[in-house]
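A.B. asks: Need coordinates for the following:
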Amino acid sequence: MPLEYYALAMIVAFFVLVMTGIPVGFVVAFVGFVFGFIGFDGWLFELLPSRIYGVVANYTLLAIPLFVFMGVMLERSKIAERMLDVIGHLCGGLPGGMALAVIIVGVLLGAATGIVGAAIVTLTLMALPTLVRRGYKKTVACGTICAAGTLGQIIPPSLVLLVLADIMNLSVGSLFAAALVPGLLLAGMYLAYLLVLAFFFSADVPAIDEQERAAVSKLELGKDFVKVVVPPLLLIFAVLGSIIGGVAAPTEAASVGAVGALLLTIVSGRMSLPVLSETVKTSLRISCMIFFVLIASQVFALAFRGLDGEFLIEAMFEWVPGGMYGTLIFMLLLIFFLGFFLEWIQISYIAVPLFLPFLASQGDMSMVWVAILIAMNLQTSFLTPPFGWSLLFMKGVAPPGITTGDIYKGAVPFVLIQILALALIIVFPDVVLWLPRVVGW
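C.D. replies: Predicted structure coming up:
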């Protein structure tokens, strides 16, 4: 039997086992080992120790647990909750002001955590009951929170970008610089949509009650802004600025971010042994999951390439009409649908490497641009009913009065906005490539 048939059987076996509910990390390793032994009697795996050593010794990947710690610490210490309260009161005089505050805090959480699950759960717990109590239409409240929480997929220092930089052998700084403008563009499009909604359907997004706004003086609000919002902002700018500007390596900047989050929590008076313990445990759990899938994917990739899987992928792309753009859109559609069933880390380490050799052979295609398209596309799949992970995260912690239908209906306008943003950066690559050129990446 030709080796390509074994490679095709690998992909089929992977999806069959995933649908049974077995954790994906175990499925990836199991399928890789089984087909590696079938095709090569196991000798192929003599190369595996060096591949795994290359992963665990990768200095850049040390940034992952550090950024995770930074984000979880800011979440567990309730600093994000106070930020939403202060920004909400600053925007409170406008119809839809609290929804605008949720998007703004989503940007800050995305820049602080880069973890979609943590951002969605945090925003749902602290914002959804408040929005519903203040008269917001349930679908608008749910959609806004889901969209804001997924901004961590694209706004640096996103874990997605760190992983894609490793997989695609790109500079982390160049990806962070490339993602900044598209991320802010997407957040701006969300804000514009909410402002239009407030103009035409103000009853769906009422302003904060005047009596409640009057209870907080402008002087007190200004002090709260300086104490609560400015320090995390300065921390985020320091971390991102040092990486994009080439002043510090991602791991060094991530360590500054982790220490900075620790100091902010201490200064705010919210540090305690339970907070520190829960932060360390959660950070360890998330980091272990990422690295386990990363190492397991080395087994799968080694077996797949040994079975001439790359030739199978090339043949598949040859069937796709439309040249380079047709191939790119086909890949994005495939990743979009995979997002219904798999988490981003699994798609990144399993699906993306299958396409890389073909994409790299297209000389006039910027791989930085492709990486940002993949990150934005993964973010879109997170929001899409019925299997979008953000929707499932929200449903898991939403109050009893919120139905699955409310969450699904609320997400649809934001999915359309994301697809529009994705189309814009496909048609206008300079949206992605302008900032890396300016800073010299």
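A.B. asks: Give me the residue ranges of the stretch 51-200 of the chain where confidence is low.
C.D. replies: Residue ranges of the stretch 51-200 of the chain with pLDDT under 70: 92, 111-118.
A.B. asks: can you tell me which residue is nearest the centre of this structure?
C.D. replies: Most central in the chain under CA atoms, centre = their mean is residue 153, positioned 2.0 Å from the mean C-alpha point.
A.B. asks: Point out where the stretch 251-400 of the chain drops to low pLDDT.
C.D. replies: In the stretch 251-400 of the chain (pLDDT under 70), the answer is 310, 313-314, 317, 322-323, 340-343, 346, 362-363, 386-387.
A.B. asks: Check which residues of the lengthiest helix in the chain are buried.
C.D. replies: When the chain is parsed with DSSP state H, its longest helix is helix 273-306. By neighbour count with 16 or more other CB atoms under 10 Å, helix 273-306 contains the buried residues 275-276, 279, 282-283, 286-287, 290-306. The C-beta positions use only the backbone N, C-alpha and C, and glycine is treated the same way.
A.B. asks: Just the element for the residue lying closest to residue 45 once chain neighbours are set aside, please.
C.D. replies: Leaving out its chain neighbours, the residue that sits closest to residue 45 by CB to CB, 6 or more residues apart in numbering is residue 36, at 5.8 Å. Per DSSP states H and E: residue 36 is located in helix 24-40.
A.B. asks: now swap in residue 58 and tell me
C.D. replies: Here residue 58 is assigned to no helix or strand, by DSSP H and E.
A.B. asks: For it, grab phi and psi.
C.D. replies: Dihedral pair for residue 58: phi -70, psi 110, per degrees, to the nearest 10.
A.B. asks: ok now do the nearest residue to it once chain neighbours are set aside, which residues does it touch?
C.D. replies: With CB to CB, 6+ apart as the criterion, residue 58 has its nearest non-adjacent residue at 6.6 Å, and that residue is residue 166. Each residue near residue 166 by CB atoms under 8 Å, 6 or more residues apart in numbering is listed here: 58, 60-61.
A.B. asks: 10 Å instead?
C.D. replies: When contacts are counted by CB atoms under 10 Å, 6 or more residues apart in numbering, residue 166 touches 55, 58, 60-61, 63-64, 172, 294, 348-349.
A.B. asks: cool, and residue 144?
C.D. replies: 96, 98-103, 106, 123, 127-128, 131, 136, 190, 193-194, 197, 205, 410-411, 413-414.
A.B. asks: the inter-axis angle of whichever strand or helix holds residue 124 versus helix 273-306?
C.D. replies: Element membership for residue 124 (DSSP H and E) is helix 116-133. Direction vectors for helix 116-133 and helix 273-306, defined by axes from the mean of the first three to the mean of the last three CA atoms, to 10 degrees, enclose an angle of 130 degrees.
A.B. asks: is it true that the residue nearest to residue 45 touches residue 10?
C.D. replies: Yes - counting by CB atoms under 10 Å, residue 10 is a contact partner of residue 36 at 9.3 Å.
A.B. asks: Mutual contacts of these two, please.
C.D. replies: Joint contacts of residue 36 and residue 10 (CB under 10 Å, 6+ apart) are 300, 303-304, 307.
A.B. asks: Out of the residues you listed, the closest to residue 241 would be?
C.D. replies: Of all the shared contacts of residue 36 and residue 10, the one sitting nearest residue 241 is residue 300; the distance, using CB to CB, is 37.1 Å.
A.B. asks: residue contacts, that closest one?
C.D. replies: Contact criterion CB under 10 Å, 6+ apart gives 10-11, 14, 27-33, 35-36, 309, 349-350, 353-354 as the residues in contact with residue 300.
A.B. asks: Tell me the buried residues within those.
C.D. replies: Among these, those buried by neighbour count (16+ other CB under 10 Å) are 10-11, 14, 27-33, 35-36, 309, 349-350, 353-354.
A.B. asks: Pull the contacting residues for residue 137.
C.D. replies: Residue 137 neighbours (CB under 10 Å, 6+ apart): 131, 143, 197, 201, 203-206, 406, 409-410.
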